[in-house]
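> okay, here's the prediction I keep looking at, along with the sequence it came from:
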Amino acid sequence: MDEQPDDSTVRCGESLTLTQQATRRRGYELWRGDQVIGWLQFPPGRRSVALADGGESGSLALTASSGRVDVRGGPDAAATIATVERAPRGAAVIRTVQGPALGWRRTGRRRGWAIDDGAATLLLVAAVQGLLKSSVRITVQQKIPEQTAVLLCLIGAFLALRSLQTETDAGAAVGGIVAAGAG
């Protein structure tokens, strides 16, 4: 007998998408099928700070500093609910208050990452930078409670979008140097 879908669990093979809503604003909605289950918003001109909402997780504030990201929110808006600490070669460790430490690492794809628990991949994250908008597609690899999946998707999307912005800034800097040298 087939297992009935459970809205509180995200199943293996499901895709969640974080899409940018407007070209001039860096506001994103997290979609599960035809339902918005969260959002992520970067203030104008900033990429080290973002506000988010993850349904049951409530309002979140993600703040990046040298080699670290703090995620605060929940019932006590000042409480740290997760941290991300950079490791060598672009990897990182995600520590949530209520779960085991998870890994963040690049996959073989250029703009692809994975969140894993050391033994198995939980989520695959792929970021896309279009001409005017960016998006992040998250593919679930293991059955996960929706609340945990949403939190990890928002953290992964934050990390992926910061990486995209860093690449864009570096490309613009190289283009400016080349243009200055040609003049």
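Received it, and whenever you're ready, just let me know what you need.
> doesn't residue 70 make contact with residue 78?
No - here residue 78 does not reach residue 70: they are 10.7 Å apart, not a contact under C-beta atoms under 8 Å. Using the backbone N, CA and C atoms, a C-beta is placed for each residue, glycine as well.
> okay, these two: which has more neighbours?
Shown here are residue 78 and residue 70; by other C-beta atoms under 10 Å, residue 70 has more neighbours (14 against 8).
> how about that one, nearest residue that isn't a chain neighbour?
Spatial nearest neighbour of residue 70, chain neighbours left out: residue 63 (5.1 Å); criterion: C-beta to C-beta, 6 or more residues apart in numbering.
> what about the one you found, which helix or strand?
strand 59-65 (DSSP states H and E).
> residue 101 and residue 48, how far apart?
Computed as C-beta to C-beta, to the nearest Å, the residue 101 to residue 48 distance reads 23 Å.
> more neighbours, these two?
residue 48 (15 against 12).
> kindly state the beta-bridge partners for the closest residue in space to that one that isn't next to it in sequence.
Distances taken as C-beta to C-beta, 6+ apart place residue 64 nearest to residue 48, at 4.2 Å, with adjacent residues excluded. Residues in a beta bridge with residue 64, per DSSP bridges, are residue 69.
> close enough to count as contact, residue 64 and residue 49?
Yes - in terms of C-beta under 8 Å, residue 64 counts as a neighbour of residue 49; the distance is 7.3 Å.
> if I look at the residue nearest to residue 48, how far off is residue 131?
Using C-beta to C-beta, we find residue 64 at a distance of 26 Å from residue 131.
> out of these two, which sits in the more crowded spot?
Ranked by neighbour count (other C-beta under 10 Å), residue 64 and residue 131 place residue 64 first, with 18 against 5.
> quick one: least confident helix or strand in the chain?
Using mean pLDDT, DSSP states H and E, helix 146-182 stands out as the lowest-scoring helix or strand of the chain, at a mean of 72.
> isn't residue 116 up against residue 102?
Yes - using C-beta under 8 Å, residue 116 is in contact with residue 102, at 6.5 Å.
> show me which positions of stretch 34-46 end up buried.
37-40, 42 (16 or more other C-beta atoms under 10 Å).
> quick one, strands of this protein?
9-10, 15-20, 27-32, 35-41, 49-53, 59-65, 68-73, 80-86, 92-96, 102-106, 112-116, 121-129, 134-140, 144-145 (DSSP state E).
> where does pLDDT dip in the protein?
By pLDDT under 70, the low-scoring segments of the chain are 1-6, 75-77, 166-183.
> just want the most central residue of it.
Geometric centre of the chain, nearest residue: residue 157, 1.5 Å, by C-alpha atoms, centre = their mean.
> residues in contact with that one?
18, 28, 30, 40, 125, 127, 136, 138 (C-beta atoms under 8 Å, 6 or more residues apart in numbering).
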